[in-house]
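**Student:** Show me how the following folds:
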Amino acid sequence: MMKGKQGKYRGGLWLAAALMLISLLAGCGGNNNASPSGAEATAGNAATTEPAAEPVTVKLQLKWVPQAQFAGYFLAQDKGYYAAEGLKVEILPGGPDIVPEQQVAGGSADIGVDWVASLLTSQEQEMPLVQIAQIFQKSGLVLVSKKEAGITTPADLKGKKVGNWMGGNEFELLALFDKYKLDSGKDLNFTKQGFTMDQFLGGELDAASAMTYNEYQVVLESGIKAEDLSVIDMNDEGVAMLEDNLFANKEWLEGNKETAAKFVRASLKGWADAIADPEGAVDSVMKLAEAGSTTREHQLTMMTEVAKLIQPEGFDASKLGYTDAAAFQQTADIALKFGVIKTASKVEEAYTNEIVEMAAK
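**Tutor:** Here you go, the predicted model:
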């Protein structure tokens, strides 16, 4: 029995030594030419698998508070399109005291949404900004009047009280007045309009500025029928200026073109879905809209109208996001003529289609 115990003891020592040797070999890498198999291969692969890359953060600064005007970005977020591109997008709401260009130029955001005229002004002030996509292909600005006011053409604005929000929103109207040889200081009463349609509805204005997707709908929702209104469309009059775009900080863009392209690709995908499914788009909007500030019905109407500006009738859907050279030039020309900018914009530097083209690949 003693011999048996000694043999068992020596066998245990041998086994322990062997295991120690294997452990040492494994710790030193063992035979680098050996090809592990089975469980060893699985363990080896698990040990060498690189951790998933951290998503790249992109901050988007909106022009205004959450509403269907920006539905494509909210939908892209909800559907995981940004995440699929390896991005973590932070959508920053705008407001009356937030200037998107300042936020992007100062580094608080990487990409912003605003009207092209505002971008041109900021560029003239030497902010390092460049447009990377044009979301709205048409202007949404109209002048609305009650038929009883007798305004059927822009020429009929003579002697009338015409409202606009001012603060950079008036230049299409100034171009309209100029086209019809109307002096805004002598031939009509051009006055500041509030951000509601109360002045118009109360009869204080003969004609009021309205966005097709917002204020015009407010008028209809008040009970006035469309057939009892007259509408002057800036697009039809040839004085339209481009509105919602995407622009980036030039310095950020230099080292982040691929990231910008991924953001634009996911955003345009979100917009395509929003146009195809307005109900789904509004679901995303209502999650973020301030409680009591709007209604689902109003946002659904807004989405329907916004879709007409992003993808107008007859527009090639594959061109979503592209900046049209002629439309941009017209915007720049109007901006120069009416003092939005003091010197002619270098349009070849003001915008680029490179990022949209990269996004399309």
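**Student:** Residue 330 falls within a helix, correct?
**Tutor:** Yes. Applying DSSP: H, G, I helix; E, B strand; the rest coil, one finds residue 330 inside a helix.
**Student:** how about it, what does it touch?
**Tutor:** 240-241 (C-beta atoms under 8 Å, 6 or more residues apart in numbering). All C-beta atoms are positioned from the backbone trio N, CA, C, and that covers glycine.
**Student:** swap in residue 85?
**Tutor:** Counting by C-beta under 8 Å, 6+ apart, residue 85 has contacts 262-263, 265-266.
**Student:** and if we set it to 7 Å?
**Tutor:** Counting by C-beta atoms under 7 Å, 6 or more residues apart in numbering, residue 85 touches 262, 265-266.
**Student:** with these in mind, which one is nearest to residue 192?
**Tutor:** residue 266 (38.9 Å; C-beta to C-beta).
**Student:** Local confidence estimate at the closest residue to the closest one other than its chain neighbours?
**Tutor:** Ranked by C-beta to C-beta, 6 or more residues apart in numbering and with sequence neighbours excluded, the top spatial neighbour of residue 266 is residue 81, at 3.9 Å. For residue 81, the pLDDT comes out at 98.
**Student:** repeat for residue 200
**Tutor:** 98.
**Student:** Number of residues surrounding it?
**Tutor:** Counted with other C-beta atoms under 10 Å, residues neighbouring residue 200 total 25.
**Student:** Just name the closest of the contacts of residue 85 to residue 64, please.
**Tutor:** When the contacts of residue 85 are compared against residue 64 (criterion: C-beta to C-beta), the nearest one is residue 266, at 21.2 Å.
**Student:** Thought residue 75 was touching the closest one, still the case?
**Tutor:** No. Applying C-beta atoms under 7 Å as the test, residue 266 and residue 75 come out as separate, 10.1 Å apart.
**Student:** Save the contacts of residue 85 as CSV, and put in secondary structure too.
**Tutor:** Formatted as CSV, the contacts of residue 85 follow (three-state DSSP):
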residue, secondary structure
262, helix
265, helix
266, helix
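**Student:** closest to residue 242 among those residues?
**Tutor:** Distances from residue 242 to these, taken by C-beta to C-beta, are shortest for residue 265, at 21.2 Å.
**Student:** Just say helix, strand or coil for residue 191.
**Tutor:** Per three-state DSSP, residue 191 ends up strand.
**Student:** One more: residue 261?
**Tutor:** helix.
**Student:** Ramachandran coordinates for the residue nearest to it when sequence neighbours are not counted?
**Tutor:** Of all residues beyond its chain neighbours, the one nearest residue 261 is residue 358 (3.8 Å), with distances taken as C-beta to C-beta, 6+ apart. Main-chain torsions, residue 358, degrees, to the nearest 10: phi -60, psi -40.
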